[in-house]
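K.L.:
Sequence and computational prediction follow.
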Amino acid sequence: MRRALFLLAAIVLVLAGAIAGCKNQSGQGGQGGESAAPGRSGQKGGGRRPTTVQGIPTGTGTFKLNLDVGTVGHREYLLHVPAQLTKGSWRSGKPVKPLPLVLAMHGGLSNMQGMRELTGFDGLSDQKGFLVAYPDGFMTTWNAGDCCGAAKIGNVDDVGFLTKLIDKLVGSGLADGRRVYATGFSNGAGMAYRLACDGPGKVAAIGVVEGALVMSCHPGRPVSALIFHGTADRSVPYNGGGNRDFNDHRPFPPVSQAVDFWRKADKLPGLRQTSLSRELSRASAQCTSTGKGGDGAEVSFCRIDGGTHHWPSTASTQLWDFFAAHPRPS
């Protein structure tokens, strides 16, 4: 009972802070970033780049933004905008070529800034030319089915939040709806699974690092997947085990179960060595792949021998290479 009271008090405090935060206008709090003057012309073409599009800054940098999800308070995310968007061609207030979008979900007991620092996606975004959104979970957790924490207990609609975030960025014309990808670490990896399972066909591919599929899953269309898992992970054990949550002592399923699920859901053959898997295999990561199916979907799995519960140093680059090769079919 005492634990329940403490949890209730914590939730009330968080909601109170969220309500107070509604006084801040969406789009304030840019971190670094180039100011985009009204009427400024891009370096290419004759179109003018507005300061913002639907409240989203168009200058280069990383910005802290709010999203109204129709509940008390709001949800927050960081958005990194590379120079390829800022300096590209614009027409009628929108970029001529929308950029790919990567959603990167933090692990449990972390936050959006932690995921930004963990992955280093900002620098890769600047090199390759894609948008990165780092959504913030509820009380540092995500409702990924049977895990985790406050988000699960409160039955928070995180799929709804992420879906609205995708719709916002695609609807503004900044992101390309055929090239939306989701990745995450640990609890955030489970959230990437859930978005692919329950989201209405929003993502072309997912990247999962040290996560588990702990929910029934009925994807609406084929989804490509790249899965990383260390054989020495004690938090989400490679062969299954541990506890799904602090109040759920059922074991996590083995990672092979998730790999087989997505392979069968996408109607793909068994894993083998392919040109892609050889490109993905780096350092201690041993990767195999199904190869692409008729609709372009593919499942790849990278086993990290001796790897523990951490984000591999090469994972971000490998994920982007995989994502870039797997847009959603027209």
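P.N.:
Good, I have the coordinates. Numbering: from 1, shown residues only.
K.L.:
For the stretch 1-150 of the chain, give me the ranges with low pLDDT.
P.N.:
The stretch 1-150 of the chain contains residues with pLDDT under 70 at 1-46.
K.L.:
Mind doing that once more with 50?
P.N.:
1-29, 32-45 (pLDDT under 50).
K.L.:
quick one, helices of it?
P.N.:
Assigned by DSSP state H, counting those that start in this stretch, the stretch 1-150 of the chain shows helices spanning 2-21, 83-86, 112-119, 121-128, 149-153.
K.L.:
for the second one, packing partners?
P.N.:
When you say that, I think you mean helix 83-86. Where contact means 3 or more Cβ pairs under 8 Å, 6 or more residues apart in numbering; DSSP states H and E, helix 83-86 is not packed against any helix or strand. For the C-beta atoms, the positions are set from N, CA and C on the backbone; glycine is no exception.
K.L.:
Check which residues of that helix are buried.
P.N.:
Across helix 83-86, burial judged by 16 or more other Cβ atoms under 10 Å covers 84-86.
K.L.:
ditto for stretch 126-133
P.N.:
By neighbour count with 16+ other Cβ under 10 Å, stretch 126-133 contains the buried residues 126, 128, 130-133.
K.L.:
Pull up the distance across that stretch, start to finish.
P.N.:
Terminal residues of stretch 126-133 are spaced 14 Å apart (Cα to Cα, to the nearest Å).
K.L.:
ditto for stretch 192-204
P.N.:
Taking Cα to Cα, the first and last residues of stretch 192-204 lie 12 Å apart.
K.L.:
Stretch 130-149 too?
P.N.:
Terminal residues of stretch 130-149 lie 32 Å apart, using Cα to Cα.
K.L.:
which of the residues in stretch 113-128 are buried?
P.N.:
Of all the residues in stretch 113-128, those buried under the rule 16+ other Cβ under 10 Å are 114-116, 118-119, 121-122, 124-126, 128.
K.L.:
from these, which is closest to residue 297?
P.N.:
Taking Cβ to Cβ as the measure, residue 297 lies nearest residue 128 of the buried residues of stretch 113-128, at 21.9 Å.
K.L.:
Which residues are in contact with the closest one?
P.N.:
With contacts taken as Cβ atoms under 8 Å, 6 or more residues apart in numbering, residue 128 has the following neighbours: 320, 324.
K.L.:
Recalculate using a threshold of 6 Å.
P.N.:
For residue 128, the contacting residues are residue 320, taking Cβ atoms under 6 Å, 6 or more residues apart in numbering as the criterion.
K.L.:
What about residue 92, how many residues nearby?
P.N.:
If you count neighbours by other Cβ atoms under 10 Å, residue 92 ends up with 8.
K.L.:
got it, and residue 257?
P.N.:
If you count neighbours by other Cβ under 10 Å, residue 257 ends up with 12.
K.L.:
name the element it belongs to?
P.N.:
Mapping residue 257 onto the secondary structure by DSSP states H and E places it in helix 255-265.
K.L.:
Okay, buried residues for that helix please.
P.N.:
Within helix 255-265, the residues that qualify as buried by neighbour count (16+ other Cβ under 10 Å) are 255-256, 258-259, 261-263, 265.
K.L.:
now stretch 303-322
P.N.:
Buried residues in stretch 303-322, defined by neighbour count with 16+ other Cβ under 10 Å: 303-304, 307, 309-312, 314-320, 322.
K.L.:
if we can go back for a sec, can you put the buried residues of stretch 126-133 in JSON lines and add distance to residue 177?
P.N.:
Below are those laid out as JSON lines (distance: Cβ to Cβ, whole Å):
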{"residue": "126", "distance to residue 177": "22"}
{"residue": "128", "distance to residue 177": "19"}
{"residue": "130", "distance to residue 177": "14"}
{"residue": "131", "distance to residue 177": "12"}
{"residue": "132", "distance to residue 177": "16"}
{"residue": "133", "distance to residue 177": "14"}
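K.L.:
Looking at those residues, spot the one nearest residue 70.
P.N.:
residue 133 (18.9 Å).
K.L.:
can you pull the contacts of the closest one?
P.N.:
Neighbouring residues of residue 133 by Cβ under 6 Å, 6+ apart: 77, 79, 103.
K.L.:
Show me the beta-bridge partners of it.
P.N.:
Here residue 133 sits in beta bridges with residue 79, residue 103, going by DSSP bridges.
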